[in-house]
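Q: here is the input, now give the coordinates:
(2 chains)
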Amino acid sequence: MENNKRVLVIDDEAHIRRVIELKFKNQGYQVITATNGEEGLDLIKSQQPDVVITDIMMPKLDGKALCERANELKEKRPFLTIVMTCRISPTEKDWIEQLTDTVFVEKPFSLQTILKCVDQYFGDH
Amino acid sequence: MKVQRITIAILVIFLIGIGIFAQTLHQQEQRSRSQDLQHRGNYLVSLVALHPMENFLGSKRDYIVKTLAEYVTSDGLIYCIVQDQTGSPLLSLAHRDVVAKIPTEVEQRSLYVNGFIQQTYKMVGTDQTISEFAKPIFEGGQRSGTVRMGFDLPPISMFSLERIKLMAIMAFFAFSMAVLVYYGVTLALRPLHEVNQNFRNICIDSVPVSPGSFRNGGVGEIIKGLEQSVFQLKDRYEKIQAENIDLTTKYGVISFEKHNVFNILDSINYGIIVTDIQDNITHINSYMLNFLDKKQDEVIDHSLGDVLSHDQIEGFLSQQEALKQSSGARHIEATFPELASGESFLVSLSYLSGREEDVIGKVISFKNITSEKSAENAKHEFITRITHELLTPLTTINSYNEMLMDDEIDNVEMQKEFYNTINEETSRLTSLVKNLLNISKIEMGSLTLHKGLVKSDWLFDDCLTTVEGTAQKKNITIERNVPDSFPALFADKELLKVAVINILGNAVKYTPENGHIQFMLTEQDDFIIFEVIDDGYGISKEDLPHIFDKFYRSTDPRVTEQTGSGLGLALTSEIVRLHGGEIEVSSKPDEGSYFKIRLPKEEYYLGKQ
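A: Residues are numbered from 1 along each chain as shown, chains lettered A, B, ... in the order given. From the prediction side, this is the model:
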């Protein structure tokens, strides 16, 4: 069940990186990981992943800034971004609406939910 | 009464004037008649003297006597006597008894004087005054006789008909003049009347003028009127002066109140701008002047738009202007990047109303809400952080569990690792919840210390045991330095243990493998001191002031890759503070850190009692 799709997991929590990596590898995805937003952005540019799964609260470059930068990059090359968030405040609604191909998943999430999002995205494209 | 006296005086003066005038006329007439008599006597005596002596004899004498007799009867000629050289009378026209009454010396002088002579005398035995004119008669160059004539000057009546007529004419003219002068003066004084009337009009509230005041008329009336007006003016002036004092007092009170209000406005921590209806600034308080970095005269009477030059506020004010009647909120949050970078202000608008409830201006206040905003942001940040810190281990537990349940982990070793991670994350979650509870209790002031006697060796060993497992994994050596006899403490053992473990645990967490840690307990004067020295990553200068802040975590990747909530040191600091102790820290990046907890022993002594 080899899959040529590449998934980038960005989180400063090693355990979460590890479990998502395992889940997607088991599904045949290629998985690369980053421990902070800055490193993640570099990998988005250099490795051109098809899916980016990122945490919100991270050192250096946080998930919000990363989403905005990723959004700019999506004009040239579309990809899916899944944001693992704790809570979405009403004031963030406007900000979320301007992001393309971005899904917010609230913690604690099921890995199956994330996988479904990714499968659905590739099913549509 | 006064008027009557003046009238009498004027009447007396008038009568005296008339008397003097009549007397003068009388004297004048007397003089005139005397002169006339003189001329006539001179003429008649000269005329008679031209006749030769013979004419007074014979037939010619009758003609002369007849002619002279007309004069004697009609025109005051009393006597006419022609005497020869010897003095014998040739002609005598006179009453018999008259000649006898002529004094002898008068006759003698007349008979022997060579030229014309006039003598005035009184007849012997009477008061009758006679003027005698005498002249010698010459014939052939020789004096042949003397002509003497006596004239009577009859007394003149003071009030003759002519004189009365004259005086009547004079009186008429005098009266006419008086009337003319009266009207002239009245006309001339008319402006004064008007001035007087004006004075009366000015003095509206003054004492009313009695109707009798003007009865007499003339200058007296005017003077009286003016006098009255002056009194009224004086009265009025005094009233105005009193009102002026009253107004000055009121002005003083209002100025004082105004000054007070301005002082109050200057003392508050808000910026205040007051404008008139045209949006020109009428007052600005000190806070706002300092904030705008302007002087009073650069602001007062200037347009609000020019002074503030803030599009956001101007838009807000225009919008409020349109919705003036609505009762909606009249404030806006604004920032002034050029004046106060990073600070937020709540700009509020209210309208100033006049007596008629009409809008006469605006009051715009500027409240610095940076700290409130910051507190609000901190609260939001705090909640977000807690949520994140709680949900992250939960997510790990949930997802690891899901992997195990879905049989996605075949490898037994990996399964063990997964179970272990779930266990670790559960402990992490438990510790986090406990820390949170303690922090919130401290913040709410509801954390009570359950103090008891704590043997410091037990506390020391408990802490060491807790971290030893992790230290061993990283091959970190922990060196113990303890006194020979452990002192006892009077403290909350569980909380104090949390405080010391947080320090010691951080030392293990942020010291690389094969590192070295010193854990010391000493007794110094009235203090018991715990010290932890490591040769770990150390703390940067930027991080050092914030390490006791709640949720603060360094951005150093060597720190962030370790699990941590940023609550440990915040809690330690609070626990030490609650025990009356203090905590010190010094650190150098890449060299290590030094933490020292000093707890007073006083508590122990109290406990013993």
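
Q: let me know the average pLDDT across stretch A:64-76.
A: Averaging pLDDT along stretch A:64-76 gives 88.

Q: show me the contact partners of it.
A: A:10, A:37, A:40-41, A:44-45, A:52, A:54, A:56, A:58, A:61, A:79, A:81, A:83, A:95, A:98-102 (CB atoms under 8 Å, 6 or more residues apart in numbering or on different chains). In short, each C-beta sits where N, CA and C put it, glycine included.

Q: and chain B, which of those residues reach it?
A: A:Ile56 (CB under 8 Å from any CB of the partner chain).

Q: now the contacts of stretch A:64-76: which count as buried?
A: Buried by 16 or more other CB atoms under 10 Å in any protein chain shown: A:10, A:37, A:40-41, A:44, A:52, A:54, A:56, A:58, A:61, A:79, A:81, A:83, A:99, A:101-102, out of those.

Q: and the two most separated of those residues?
A: The distance between the two most remote of the buried ones among the contacts of stretch A:64-76 (CB to CB) is 20.3 Å, for A:Met58 and A:Asp101.

Q: chain B contacts on chain A?
A: A:12-16, A:19-20, A:22-23, A:26, A:35-36, A:56-57, A:59-60, A:84, A:86-87, A:89, A:107-112.

Q: looking at these, which are in strands?
A: A:Met84 (DSSP state E).

Q: find the nearest non-adjacent residue to the residue of the stretch 501-609 of chain B found nearest chain A, please.
A: Relative to chain A, the nearest point of the stretch 501-609 of chain B is B:Thr560 (4.4 Å; CB to the nearest CB). With sequence-adjacent residues excluded and distances taken as CB to CB, 6 or more residues apart in numbering or on different chains, B:Thr560 is closest to A:Pro59, at 4.4 Å.

Q: contacts only, for that neighbour.
A: With CB under 8 Å, 6+ apart, A:Pro59 has these contacts: A:Asp12, A:Asn36, A:Gly37, B:Arg553, B:Thr555, B:Pro557, B:Thr560.

Q: for ChimeraX, what selects the buried ones among those residues?
A: If you want just the buried ones from these in ChimeraX, going by 16+ other CB under 10 Å, the selection is:
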select /A:12,36,37 /B:553,560
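
Q: and the two most separated of the contacts of A:Pro59?
A: A:Gly37 and B:Arg553 (14.9 Å).

Q: the bottom helix or strand of the chain by mean pLDDT?
A: Going with chain A. Every helix and strand of chain A was ranked by mean pLDDT, DSSP states H and E. The lowest is helix A:93-97, at a mean of 82.

Q: other chain: chain B
A: helix B:602-608 (a mean of 48).

Q: what lies in contact with stretch B:536-552?
A: Contacts of stretch B:536-552 (CB under 8 Å, 6+ apart): B:381-382, B:385, B:389, B:439, B:507, B:510-512, B:515, B:554, B:556, B:558-559, B:565-567, B:569-570, B:572-573, B:583, B:585, B:587-593.

Q: swap the cut-off to 7 Å and go again
A: Residues outside stretch B:536-552 that contact it (CB atoms under 7 Å, 6 or more residues apart in numbering or on different chains): B:382, B:385, B:439, B:507, B:510-512, B:515, B:554, B:556, B:558-559, B:565-567, B:569-570, B:573, B:585, B:587-593.

Q: check which residues of it are buried.
A: So stretch B:536-552, judged by 16+ other CB under 10 Å, has buried residues B:Gly536, B:Tyr537, B:Gly538, B:Ile539, B:Asp543, B:Leu544, B:Ile547, B:Phe548, B:Lys550, B:Phe551.

Q: residues contacting the residue positioned nearest the centre of chain A?
A: The structure's chain A has its C-alpha centroid closest to A:Ile53; by CA atoms, centre = their mean the separation is 1.9 Å. By CB under 7 Å, 6+ apart, A:Ile53 lies in contact with A:Val7, A:Val9, A:Ile20, A:Ile82, A:Met84, A:Ile114.

Q: now render those residues as CSV, adding pLDDT and neighbour count.
A: As requested, these are exported to CSV (pLDDT from 0 to 100; neighbours: other CB atoms under 10 Å in any protein chain shown):
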residue, pLDDT, neighbour count
A:Val7, 94, 25
A:Val9, 95, 28
A:Ile20, 94, 23
A:Ile82, 93, 23
A:Met84, 90, 26
A:Ile114, 92, 22
